[in-house]
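Engineer: okay, here's the prediction I keep looking at, along with the sequence it came from:
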Amino acid sequence: DIQMTQSPSTLSASVGDRVTITCRASQSIGNWLAWYQQKPGKAPKLLIYKASTLESGVPSRFSGSGSGTEFTLTINSLQPDDFATYYCQQYNSYSETFGQGTKVEIK
Amino acid sequence: QVQLVQSGAEVKKPGSSVKVSCKASGDTFNYYPISWVRQAPGQGLERMGRIIPIFDMPNYAQKFQGRVTIIADKSTSTAYMEVSSLRSEDTAIYYCARGRDICYTGNCAAAFDIWGQGTMVTVSS
């Protein structure tokens, strides 16, 4: 299986900050990468697919970039609603795999 | 708007089985992958397997081969996931999730755009 490694595991930030989360794949996955946001007690929510395409209804302060093995999720001007855990997921292979998650906490 | 509605929480004994259902609203059930993802308490997301109902060919993560069965009932737009030989480590929230794009082959990996509300399965003696 393709391994996905996110960094950092935890990130402390303030409202208004620009935040970047990195996801690395153990082998090239093209642009077959998605990002999710999960809040406590809720199902994950799709934010970005195909590495950089914003899902309908997702605020434009979220953006994704990268291809091959290295990807980033950027949140411009962090809002109170953005404090959550974020996961990357590859879907290049028949067996999708997730990163271990990045928790964005209030500084 | 398509929704996935899962069955309720379960408490099971070690060694028993559990079957979780996931009912889809709308008329596009047959052509989209339905995957199952679990999340142990305080842990990350773990993909278990998927099925594309029109092809009726499940695909399982290697870790769950032989212990998990995924089926789809096209007549009721419902997918099911059964885990056998339960152990305490299977205590988790189990989610069904729909692949974002229609699948034209028998096996499509996908980003998941619609998720069920989750089903808590507790395994305890």
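Structural biologist: Right, received. Where do you want to start?

Engineer: thought residue A:101 was touching residue A:85?
Structural biologist: Yes. At 4.9 Å, residue A:101 counts as touching residue A:85 under the criterion of CB atoms under 8 Å. Backbone N, C-alpha and C define where each C-beta goes, glycine included.

Engineer: overlap of the contact sets of these two?
Structural biologist: residue A:38 (CB atoms under 8 Å, 6 or more residues apart in numbering or on different chains).

Engineer: next up, phi/psi of residue B:10, please.
Structural biologist: When read as degrees, to the nearest 10, the backbone of residue B:10 gives phi -130, psi 150.

Engineer: pull the number of nearby residues for it.
Structural biologist: 16 (other CB atoms under 10 Å in any protein chain shown).

Engineer: repeat that for the one 3 residues further on.
Structural biologist: When neighbours are defined as other CB under 10 Å, residue B:13 has 9 of them.

Engineer: go on, the one 4 residues further on?
Structural biologist: The criterion is other CB under 10 Å. On that basis, residue B:17 has 12 neighbouring residues.

Engineer: for it, give me the pLDDT.
Structural biologist: In the prediction, the pLDDT value recorded for residue B:17 is 98.

Engineer: could you do the one 10 residues further on as well?
Structural biologist: pLDDT for residue B:27: 69.

Engineer: can you tell me the centre-most residue of chain A?
Structural biologist: Most central in chain A under CA atoms, centre = their mean is residue A:35, positioned 3.8 Å from the mean C-alpha point.

Engineer: that one and residue A:91 touch, don't they?
Structural biologist: No. Contact criterion CB under 8 Å: residue A:35 and residue A:91 do not qualify, at 11.8 Å.

Engineer: who does residue A:88 bridge with?
Structural biologist: residue A:35 (DSSP bridges).

Engineer: quick check, residue A:20 in a helix?
Structural biologist: No. Secondary structure of residue A:20 (DSSP: H, G, I helix; E, B strand; the rest coil): strand, not part of a helix.

Engineer: relative to the one helix or strand residue A:73 maps to, what are the paired strands and their orientations?
Structural biologist: Using DSSP states H and E, residue A:73 sits within strand A:70-75. Next to strand A:70-75 in the sheet, as set by DSSP bridges, lie strand A:19-25 (antiparallel), strand A:62-67 (antiparallel).

Engineer: got the buried residues for that strand?
Structural biologist: A:71, A:72, A:73, A:75 (16 or more other CB atoms under 10 Å in any protein chain shown).

Engineer: tell me which of those residues is nearest to residue B:11?
Structural biologist: Set against residue B:11, the nearest of the buried residues of strand A:70-75 by CB to CB is residue A:73 (36.7 Å).

Engineer: residues contacting that closest one?
Structural biologist: Applying CB under 8 Å, 6+ apart, the residues near residue A:73 are A:20, A:21, A:23, A:35, A:47, A:48, A:62, A:63, A:64, A:86, A:88.

Engineer: try 10 Å
Structural biologist: A:6, A:19-23, A:33, A:35-37, A:47-48, A:51-52, A:62-66, A:86-88, A:102 (CB atoms under 10 Å, 6 or more residues apart in numbering or on different chains).

Engineer: any idea how far residue B:90 is from residue B:68?
Structural biologist: Between residue B:90 and residue B:68 the computed distance is 10 Å (CB to CB, to the nearest Å).

Engineer: overlap in contacts, those two.
Structural biologist: Joint contacts of residue B:90 and residue B:68 (CB under 10 Å, 6+ apart) are B:38, B:83, B:84.
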